[in-house]
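**Student:** starting from these lines, generate the structure:
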Amino acid sequence: MKIAQVCPYDLSRPGGVKNHIFGLSDELEKMGHELTIIAPNGQVNSGKSKIRLFGRNRSLKISGTKIDLNIALGEDRKNLKAFLQSQQFDIIHYHTFWNPMIPYQVWKHSSARNVVTFHDTPKQKWLGKTVMPMAASVIFRMMDEVISVSNSQASNIGGADHPRIRIIPNGLEIAEYQLPIAKLGEFDDGKFNLLFLGRLEPRKGVIYALEAFKSLKKSTPELRLIIAGEGQEKELVTSFIKEHQLDDVIVLGQVNEATKIALLKTADLYLAPAIFGESFGIVLLEAMASGVPMVGFGNEGYLNIIPEQWAAFFPKPKDQQAFTDAINTMITQKSTRDDMIAWGLEAVKKYEWSFIAQEVEKIYFSALK
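**Tutor:** Next up, the predicted model:
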């Protein structure tokens, strides 16, 4: 099949949806399909799939996170229309369709069968409770097939039992996280490394990681916190570190994929304190595949992955004391860390891209009927 994946985000920025699109595209190419990724203009590493850039991308801060707005105007819009007409795709697969306007422009000018994947819906905010459910009902009528990445995400756009919605989770190229990569030498010094990876924005909860570190450092002097990410809370993070004189907090900024994997290899415990807005939890899969135990908040998205067995280590969002206590338990109980590592390495296998891509391919064939 000739397939286009439509990403509404700047591909030069890190993010779960971007990684999903690249991972799915690479696997579909291995299966013999022809792939193109359509996205707004930006500096990107094309990887294996062809990338075509149209329009411009702008970001706004809404409800504690960044929202991307993109549109192709003038000559760019004409080029997009001509490109779609010349390519004659069999399938166009949209990701996060409600990020205007590139996805709608592609849909308007395409004669292909249309598939959409819903990746996120911030249920706790007014946007997710009102606008997005209404938008989803309109999008359903525009699409031949509809995919949601989890039951919790689907509950915000019509329910997991909605006849139009197919549940297919995110995938992961597990082998990339299990290569014999050495720990980062500067952090391989006998200290106990806590790792936070993600955007520095309110919903990702980096402040909870800092508060926990501040409390635990008193009783565990060999503790270190590594923070990798950029965002609107960077100044808050640096101010907190300075105010509380936290010498063993390292802020690296945004890191590339290779460094991210090396950091996971270096970590003794991964922290995932996102308080809302997570539809799945690809970061948890990355930690599991890397053999790293985890502590986080039990937001709806993460609980799609975390079973009751480990619920105590994913307490109610914003419960600082429970989060801190869970981290302390992991630090002091090596056997518990080892048990979670063993569970994670086994549980992550069902999310291998080779399995997930086959399920997506079935959806494509269904759309073509």
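
**Student:** so, low pLDDT: which residues of the protein?
**Tutor:** 42-49, 60-68, 121-129 (pLDDT under 70).

**Student:** what are the boundaries of the helices in it?
**Tutor:** Under the criterion DSSP state H, the chain carries helices at the ranges 16-30, 74-87, 102-109, 126, 132-142, 151-154, 206-217, 234-243, 257-266, 282-290, 320-332, 334-347, 353-368.

**Student:** how near is residue 184 to residue 252?
**Tutor:** 10 Å (C-beta to C-beta, to the nearest Å). Bear in mind the C-beta positions are built from the backbone N, C-alpha and C, glycine included.

**Student:** report the set of residues contacting both of these two.
**Tutor:** 259, 263 (C-beta atoms under 8 Å, 6 or more residues apart in numbering).

**Student:** can you say which of the helices of the chain is packed in most?
**Tutor:** helix 282-290 (a mean of 24; mean count of other C-beta atoms under 10 Å).

**Student:** how far off helix 16-30 does it point, in degrees?
**Tutor:** Taking axes from the mean of the first three to the mean of the last three C-alpha atoms, to 10 degrees, helix 282-290 and helix 16-30 form an angle of 60 degrees between their directions.

**Student:** and helix 282-290, what does it pack against?
**Tutor:** Helices and strands touching helix 282-290, as assessed by 3 or more C-beta pairs under 8 Å, 6 or more residues apart in numbering; DSSP states H and E, comprise helix 16-30, helix 257-266, strand 269-272, strand 294-296, helix 334-347.

**Student:** contacts for that helix?
**Tutor:** By C-beta under 8 Å, 6+ apart, the list of residues contacting helix 282-290 reads 16, 19-20, 170, 172, 174, 177-178, 197-198, 260-261, 264-265, 267, 270, 272, 293-294, 296, 302, 305-306, 344-345, 347-348, 351.

**Student:** could you redo the last one with a cut-off of 7 Å?
**Tutor:** The contact list for helix 282-290, computed with C-beta atoms under 7 Å, 6 or more residues apart in numbering, reads 16, 19, 170, 172, 174, 177-178, 197-198, 264-265, 270, 272, 294, 302, 305, 344-345, 347-348, 351.

**Student:** likewise stretch 78-90?
**Tutor:** By C-beta under 7 Å, 6+ apart, the residues outside stretch 78-90 that reach it are 1-4, 52, 54, 72, 105-106, 109-110, 112-113, 368.

**Student:** export those residues to JSON lines and tack on distance to residue 94?
**Tutor:** As requested, those are arranged in JSON lines below (distance: C-beta to C-beta, whole Å):
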{"residue": "1", "distance to residue 94": "16"}
{"residue": "2", "distance to residue 94": "16"}
{"residue": "3", "distance to residue 94": "12"}
{"residue": "4", "distance to residue 94": "9"}
{"residue": "52", "distance to residue 94": "15"}
{"residue": "54", "distance to residue 94": "14"}
{"residue": "72", "distance to residue 94": "15"}
{"residue": "105", "distance to residue 94": "11"}
{"residue": "106", "distance to residue 94": "7"}
{"residue": "109", "distance to residue 94": "13"}
{"residue": "110", "distance to residue 94": "10"}
{"residue": "112", "distance to residue 94": "11"}
{"residue": "113", "distance to residue 94": "12"}
{"residue": "368", "distance to residue 94": "16"}
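
**Student:** using PyMOL, define a selection of the buried residues within those.
**Tutor:** With 16 or more other C-beta atoms under 10 Å as the criterion, this PyMOL line picks the buried residues out of these:
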select buried, resi 1+3+4+54+72+105+106+110+112+113
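
**Student:** now for the contacts of stretch 78-90: which two are most distant?
**Tutor:** Spatially, the most separated pair among the contacts of stretch 78-90 is 72 and 368, at 26.8 Å (C-beta to C-beta).

**Student:** ok, which of the helices of the chain comes nearest residue 191?
**Tutor:** That would be helix 257-266 among those, by C-beta to C-beta, at 10.3 Å.

**Student:** what helices or strands is that closest one leaning on?
**Tutor:** Judged by 3 or more C-beta pairs under 7 Å, 6 or more residues apart in numbering; DSSP states H and E, helix 257-266 is in contact with strand 192-197, strand 223-228, helix 282-290.

**Student:** closest to residue 97 out of these?
**Tutor:** Taking these one by one with C-beta to C-beta, helix 282-290 is closest: 19.2 Å.

**Student:** how near is residue 3 to residue 91?
**Tutor:** Taking C-beta to C-beta as the measure, residue 3 falls 5 Å from residue 91.

**Student:** go on, residue 107?
**Tutor:** 13 Å.

**Student:** ditto for residue 24
**Tutor:** Going from residue 24 to residue 91 by C-beta to C-beta gives 12 Å.

**Student:** with residue 84 instead?
**Tutor:** Look at residue 84 and residue 91: by C-beta to C-beta, they are 13 Å apart.

**Student:** residue 152 too?
**Tutor:** 26 Å.

**Student:** endpoints of stretch 289-297, how far apart?
**Tutor:** 19 Å (C-alpha to C-alpha, to the nearest Å).

**Student:** same check on stretch 6-20?
**Tutor:** So stretch 6-20: terminal residues 12 Å apart, C-alpha to C-alpha.

**Student:** likewise for stretch 79-95?
**Tutor:** 21 Å.

**Student:** cool, stretch 119-139 as well?
**Tutor:** 14 Å.

**Student:** do the same with stretch 115-131
**Tutor:** Per C-alpha to C-alpha, stretch 115-131 runs 21 Å from first to last residue.

**Student:** cool, thanks, talk later.
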